[in-house]
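**Q** Predicted model and sequence below, questions to follow.
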Amino acid sequence: MVTGGYGTWHNCWRRERRYRRTRRAEDRRLWVDAARRRLCLNRAKYEEYWVGRLNQCGRSSSLLWRSLSPLLGRDRDVAGNTDHTADSFAEFFDKKVRDVRSATAGLPPPPISRTASSSLASFRPCTQTEVHRIIMQSPVKSCMLDPVPTFRVRESVDLLLPFLTTLMQDRLPASQKHAIVTPRLKRSGLDPTDIANFRPVSNLTFMSKVIERAAASQLNAYLSAIGLMPRHQ
């Protein structure tokens, strides 16, 4: 741990005041040496802080990126005031999808070098135990479309579990097919007046993400069982 912060700062400040009073070359040299030690201390404390932050993340990539976002400037909202409207963003993003479909229309299907011996015709119904595990392991995040905050769902999960398990059967309910779409700059420093520098970020409802995790779990298990999951995926 880097120590001696206050003493180093105080000594630098004292040397500076002495030099400004005497204007002696020796006092100036002592002030410069103290300022260099202060700079090294600041750099060491900065490195110690970020090494500690990254060590706390362990092997969690989500926590790692969350810690790195302030360092990379990704958490700054630099969009400012622009002339873009919700309709202009909707038209721009919709046009990007239409352009991709137009560019790929009529192309032959990709070559298939390997097929599976079985197929995943449907997802099996989730048990209450599975739904409970997914809910409690999910991040406590909420969406404006959620009828109640996520932390309330977790607090009352035992009471709501039969209803939530029924909600996840058969098909995705229409109420869970909506999202709050927010335009974000693709990276910090881009020109916010150029609409092409934005990308859509969808904030989904909590239960839609729970259903997504349940489907992903069954899909990954199926792909792994029949050997279709890439080794380096």
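**A** Everything's here; your move. Residues are numbered from 1 along each chain as shown.

**Q** What segments of the chain are helices?
**A** Counting by DSSP state H, the chain forms helices over residues 5-22, 25-57, 61-72, 86-104, 128-137, 150-155, 157-167, 206-225, given from the N-terminal end onward.

**Q** and the second one, what other elements does it pack with?
**A** Read that as helix 25-57. On a contact count with 3 or more C-beta pairs under 8 Å, 6 or more residues apart in numbering; DSSP states H and E, helix 25-57 meets helix 5-22, helix 61-72. No exception for glycine: its C-beta is placed from N, CA and C like everyone else's.

**Q** Tally up the residues packed near the closest residue to Thr182 other than its chain neighbours, please.
**A** Of all residues beyond its chain neighbours, the one nearest Thr182 is Val201 (5.1 Å), with distances taken as C-beta to C-beta, 6 or more residues apart in numbering. Neighbourhood size, Val201 [other C-beta atoms under 10 Å]: 11.

**Q** Tell me how far Val201 lies from Thr166.
**A** Val201 sits 30 Å away from Thr166, taking C-beta to C-beta, to the nearest Å as the criterion.

**Q** Which other helices and strands does the helix or strand bottoming out on mean pLDDT in the chain contact?
**A** Comparing helices and strands within the chain by mean pLDDT, DSSP states H and E singles out helix 61-72 as the least confident, with a mean of 73. In this structure, helix 61-72 makes packing contacts with helix 25-57, judged by 3+ C-beta pairs under 8 Å, 6+ apart.

**Q** what angle separates the helix it packs on from helix 5-22?
**A** Going by axes from the mean of the first three to the mean of the last three C-alpha atoms, to 10 degrees, helix 25-57 is angled at 160 degrees with respect to helix 5-22.

**Q** quick one on the thing from earlier: right, so of the helices of the chain, which gets closest to Gln176?
**A** Relative to Gln176, the nearest member of those by C-beta to C-beta is helix 206-225, separated by 4.1 Å.
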